[in-house]
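Participant: Show me how the following folds:
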Amino acid sequence: MNIQIEALSPERLQVKPPLRQRMKARMAATYRYDTLFWQVSLFGLWAVVLAAFTLTALGLPTGFGTAADVLMFTAGGTIAMALCANAIALLLAIAGLPLPRLYLGAWLFTAGAVLTIFRYAGARWDVSTAVALFAACAGTLAGFTAGFLAKPRLRTRRRLAMSLLPAAACAVLLYLPLLHTSGSKPAEPDAVETAADGSAVIQAANPGLPGPAAYRYFTYGSGNDRHRDEYGQDAGLLSGSVDASAFISKWSKARTSFWGFDPQALPVNGRVWMPEGSGPFPLVLLVHGNHLMEDFSDEGYAYLGELLASRGFIAVSVDENFLNYSAWTGIPDNDMKVRAWLLLKHLQQIDQFAADSSTPFYNKVDFDRIGLVGHSRGGQAVAMAADPLRWFQRGDSLGNIDKFHIVSVAALAPTDKLVDNNQARLSNVNYFSLQGAQDGDVSDFYGDRQYSRATFDKGSSKFKATLYVDGANHSQFNTSWGHYDASFPNGILLSRSRIMDEDSQRQIAKVYVSAFMEATLHGQSEYTKLFQDYRNGLSWLPDTAYFNRYQDGRFTVLADYQEDRDKNTIRGGGTAEAYQVQLDEEQAKDRDNSTKNERGAVLEWPKAAQTQATEQTPRQATGQAKAPEQADSPDSSGPVSGEPSYTLHLRSAGNSSQFIYALSHSSGLSFSMANLNYQLQDTQTDTPDISLELVDANGEKARLPLADFMPVIPLPVSKFTINPWLNDKIEGGKYKEATEPVFQTYRVDFTPFAAQNPAFVPGQLVSIAFIFGEEPGKVMLSTIGLYLD
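Facilitator: Just a heads-up that it's a prediction; the model follows:
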């Protein structure tokens with residue numbers, strides 16, 4: 001058999017190139033699909049990478065300075081982007097995917113980098129993923145805009161038209177997170193409407209303005225500081241070091257390398273503003289809180305130091321930066337104890353200076369008049385330093401602390417952590433705390449707790465007060481801390497839409513800190529009126545909503561709900577009666593649902609139409625109640641049926657001579673009340689309508705609206721994050737509650753009641769009734785008593 005074999009032409013014989021050759025060909029064509037459009041579009045993603053690594057640099061300072069940090073991080077991010085994008089493009093080329101591979105590699109790197117940065121900063125996976133996708137998409141749209149503009153074959157008009165679409169989409173994408181409602185009632189208190197005609201005028205100069213005294217500025221320090229010449233070679237006075245090794249065991253070698261010392265030799269550094277003159281002057285120490293260690297905090301209170309010095313106080317800003325948190329080395333253990341201890345060591349150091357005729361402190365310091373001002377953790381530290389024996393023994397190198405009389409403590413947005421299972425309980429020390437409703441760091445009003453724990457001897461003129469400010473945040477009390485209350489990158493997730501400008505916030509701090517020290521250290525008692533009622537100083541303050549509390553040693557408690565758990569009794573054997581009102585005694589709580597160490601009566605009443613079936617004819621504002629001998633019966637001196645009311649019957653509580661004396665000498669009634677109407681769903685008003693009716697032992701009554709003395713205003717609605725979806729997902733969910741139920745002190749003068757019914761005798765008061773209006777409402781009452789001006 002003759003077999004003929006036909007020869008195959010090379011065209012018909014398809015022989016696959018070797019795998020290695022094929023891979024090499026694919027790798028050579030890695031950037032085949034990355035046209036000019038995609039190359040230009042890379043700039044959008046690169047911009048996102050630069051922004052992300054800039055935020056990282058701001059959140060992870062190295063101590064070399066912001067500019068150097070940003071340069072290092074952005075350069076590193078750019079190099080990492082180039083390497084990773086090209087590596088991914090190469091892998092996609094080997095896989096043979098017909099895509100713009102370099103661009104896709106850059107996109108994946110951008111999204112992955114942003115996700116990693118936020119995860120490292122502590123954000124949850126869902127938040128980090130959402131931010132990463134959002135950022136990468138925004139970079140894509142921005143890049144597309146540039147890409148269309150760079151297309152060479154399109155006419156200019158068409159390029160512009162085509163670029164508008166991704167530009168508009170990018171703008172909408174960036175705006176979407178901001179487009180939302182807060183989820184809470186949008187009512188904003190109008191500060192102008194809170195002023196009352198009856199508010200007192202303070203016969204004294206604006207305490208927020210500089211005083212007449214000239215002053216000098218200098219520093220004292222170790223003389224050897226690696227980062228700040230003012231504590232090193234430029235220090236005006238040399239101070240010793242202190243050994244805190246008994247308290248600190250967690251102190252890394254990296255921290256020692258950064259600072260140049262360890263816990264056995266902590267420096268005693270301070271910035272001093274000293275009035276000119278012979279003195280002696282009161283001494284005020286200012287201390288910062290916890291911030292990034294490498295971003296120094298102590299110079300951020302110069303605005304307070306300068307003001308106080310101009311008004312005759314020696315002001316010292318204390319350096320405790322070496323106790324602060326670092327992203328690289330963490331935070332030392334027992335830092336709260338050491339913060340307080342170090343304040344006392346500064347007093348000892350200043351005492352040594354004051355005994356040395358070669359120093360500016362010589363014979364200038366009045367150690368019987370010492371004030372402490374602290375911010376954040378510093379706000380807790382100053383309270384601890386004023387109550388030192390709870391944590392320290394005189395053997396802890398504090399042998400002469402009895403020499404230092406800490407008269408006044410002021411805390412700006414303080415913390416209130418348990419330290420060795422204990423908390424400061426100030427006794428006979430003036431106390432003031434200032435808190436912002438927009439505080440995104442210390443979001444709960446912890447100063448209210450310290451206020452509740454502060455006590456005075458009976459008859460003392462010392463006082464305690466708080467101020468809660470709508471629009472104030474945490475960081476702006478310190479000029480060095482910036483505008484955001486969380487470190488970057490998480491800080492960009494916080495909203496600034498309801499935060500007041502920094503100058504206004506510091507003006508509030510200047511007015512109140514200065515007035516507090518003037519009143520308590522200089523004896524300028526006229527300024528006490530500012531703390532009794534913020535409206536007395538509205539002309540000195542920015543236009544916003546304020547809530548204040550006040551109590552002094554001359555206050556006589558009638559009801560504080562601490563004596564037992566029976567809601568129908570009050571102190572001294574008196575009784576409480578609620579009519580058409582739901583009454584509960586509860587712990588006052590903050591946003592986090594933690595107790596404020598204070599109890600109160602929670603009162604909730606329905607709409608008037610719901611009680612009409614039992615209503616009787618309303619009685620007049622004045623007139624006879626039941627006979628005096630019947631006054632001890634539960635309903636003898638309260639409002640008649642039909643009006644929702646809460647009545648305190650004092651007659652059985654008023655048998656003691658002390659009570660009779662306090663009543664006969666008192667100026668009026670004082671109580672703290674929180675407006676809880678925001679918790680209701682069926683009310684048309686944010687401000688409950690409340691009247692007060694007082695009855696004396698002769699049955700004479702006088703009734704006036706509470707608004708005649710001070711209107712009840714809505715509590716601030718805080719907006720912490722740029723989108724409500726984030727509220728319970730970042731910072732441990734502490735932003736989930738938009739409103740904190742803070743108290744306002746109402747001081748109700750007896751004089752208008754006596755004018756309304758001349759037969760009414762305040763000195764024979766037997767009952768106090770809170771009468772509620774037609775609309776439903778809810779309030780919490782606490783600390784009801786008598787005040788004396």
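Participant: So, low pLDDT: which residues of the stretch 101-250 of the chain?
Facilitator: 148-200 (pLDDT under 70).
Participant: The stretch 601-750 of the chain too?
Facilitator: 608-641, 651-656, 683.
Participant: try it again with 50
Facilitator: 613-638, 653-654 (pLDDT under 50).
Participant: ranges for the helices of it?
Facilitator: 657-665 (DSSP state H, counting those that start in this stretch).
Participant: Then the stretch 1-150 of the chain?
Facilitator: Counting by DSSP H, counting those that start in this stretch, the helices of the stretch 1-150 of the chain are 19-28, 36-59, 66-95, 101-120, 125-149.
Participant: could you dump those to a markdown table with distance to residue 424 and mean neighbour count?
Facilitator: (C-beta placed from N, C-alpha, C; glycine too.) Output for those, formatted as a markdown table (distance: least, CB to CB, whole Å; neighbours: other CB atoms under 10 Å):
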| stretch | distance to residue 424 | mean neighbour count |
| --- | --- | --- |
| helix 19-28 | 69 | 12 |
| helix 36-59 | 32 | 21 |
| helix 66-95 | 36 | 16 |
| helix 101-120 | 35 | 22 |
| helix 125-149 | 36 | 20 |
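Participant: With distance to residue 271 as extra columns, can I get the ones you listed in JSON lines?
Facilitator: Below are the helices of the stretch 1-150 of the chain laid out as JSON lines (distance: least, CB to CB, whole Å):
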{"stretch": "helix 19-28", "distance to residue 271": "62"}
{"stretch": "helix 36-59", "distance to residue 271": "25"}
{"stretch": "helix 66-95", "distance to residue 271": "21"}
{"stretch": "helix 101-120", "distance to residue 271": "34"}
{"stretch": "helix 125-149", "distance to residue 271": "39"}
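Participant: looking at the ones you listed, which is closest to residue 691?
Facilitator: helix 125-149 (48.3 Å; CB to CB).
Participant: packing partners for the closest one?
Facilitator: helix 36-59, helix 101-120, helix 156-175 (3 or more CB pairs under 8 Å, 6 or more residues apart in numbering; DSSP states H and E).
Participant: can you pull the contacts of residue 216?
Facilitator: Going by CB atoms under 8 Å, 6 or more residues apart in numbering, residue 216 touches 273, 274, 276, 360.
Participant: Ok, residue 371 next?
Facilitator: 282-285, 313, 406-410, 516-517, 520-521.
Participant: and residue 414, which of the helices of the stretch 1-150 of the chain is closest to it?
Facilitator: helix 36-59 (24.0 Å).
Participant: Show me how far that closest one is from its chain's centre.
Facilitator: Its chain's C-alpha centre and that of helix 36-59 lie 33 Å apart, by CA atoms, centre = their mean, to the nearest Å.
Participant: before we move on, back to that, please name whichever of the helices of the stretch 1-150 of the chain is nearest to residue 366.
Facilitator: Of the helices of the stretch 1-150 of the chain, nearest to residue 366 by CB to CB is helix 66-95, at 40.5 Å.
Participant: From the contacts of residue 216, pick the one nearest residue 239.
Facilitator: Checking the contacts of residue 216 against residue 239 by CB to CB gives residue 360 as the nearest, at 13.3 Å.
Participant: Quick check: phi and psi at the nearest residue to that closest one once chain neighbours are set aside.
Facilitator: What sits nearest to residue 360 in space, not counting adjacent residues and going by CB to CB, 6 or more residues apart in numbering, is residue 274, at 5.9 Å. Backbone torsions of residue 274, given as degrees, to the nearest 10, read phi -120, psi 130.
Participant: Can you verify my assumption that residue 274 contacts residue 364?
Facilitator: Yes: counting by CB atoms under 8 Å, residue 274 does reach residue 364; the two are 6.8 Å apart.
Participant: Compute the number of surrounding residues for residue 302.
Facilitator: Using other CB atoms under 10 Å, residue 302 has 17 neighbouring residues.
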